[in-house]
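Chemist: sequence below, structure please.
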Amino acid sequence: MVYKRKILEKDVKSPIIDKLKYDEAQGKLYHFKSQAGSIPITQLGKPTRWFTTGRKGCQDHTICLKVTLGGESFGVYVGFEFKRPKGVRSPKQVETQAFIKSLGGYYFFIDDYYEAEK
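Modeler: Residues are numbered from 1 along each chain as shown. Modelled structure (predicted):
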């Protein structure tokens, strides 16, 4: 019997982050983790309030690439939202993707390493 483990978001994300770190070390890009979330702040062992980072719909990772066209260089904004295969996109993520694209940036839903390589 062959056991097939369910592919998780981290299984998709880890090799891509490794590649981004490698490319950054080569001076090809700048990247950082940008996902939103909330962390409980506790006092005397009980949560008293929440520390929230980011915004709803914010991508998991932000990348800035240097592009040169016609002798001019400029940065390109790219957002990666990692999903496990067949992962569900929230309406806010789809809305944020459309807004970033309207500003000339890129926002990709990534559920496969080889798709991200393109």
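Chemist: all contacts plus neighbour counts: C-alpha atoms, from now on.
Modeler: Fine.
Chemist: give the pairing partners of the longest strand anywhere in the chain; include direction for each.
Modeler: Using DSSP state E, we find that the single longest strand of the chain is strand 72-82. Under the criterion DSSP bridges, strand 72-82 sits next to strand 61-69 (antiparallel), strand 106-110 (parallel) in its sheet.
Chemist: quick one: contacts of the first one?
Modeler: I take that to be strand 61-69. Strand 61-69 has contacts (Cα atoms under 8 Å, 6 or more residues apart in numbering) with 28-35, 73-81.
Chemist: then that strand to PDB, C-alphas only?
Modeler: Coordinates of each C-alpha in strand 61-69 appear next as PDB, following Å, rounded to 0.1, in the frame of the first residue of the first chain:
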ATOM      1  CA  HIS A  61       5.500  37.200  -0.100                       C
ATOM      2  CA  THR A  62       6.600  40.400  -1.800                       C
ATOM      3  CA  ILE A  63       9.300  40.500  -4.500                       C
ATOM      4  CA  CYS A  64      11.000  43.400  -6.200                       C
ATOM      5  CA  LEU A  65      12.800  42.700  -9.500                       C
ATOM      6  CA  LYS A  66      15.100  44.900 -11.500                       C
ATOM      7  CA  VAL A  67      14.100  45.200 -15.100                       C
ATOM      8  CA  THR A  68      16.100  46.900 -17.800                       C
ATOM      9  CA  LEU A  69      14.300  48.000 -21.000                       C
END
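Chemist: re earlier: show me which positions of the longest strand of the chain end up buried.
Modeler: Residues 77, 78, 79, 80, 81, 82 are the ones in strand 72-82 that count as buried (16 or more other Cα atoms under 10 Å).
Chemist: please convert those residues to CSV, extending it with pLDDT.
Modeler: Shown next, in CSV, are these (pLDDT from 0 to 100):
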residue, pLDDT
77, 94
78, 94
79, 93
80, 92
81, 92
82, 91
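Chemist: right, I'll leave it there.
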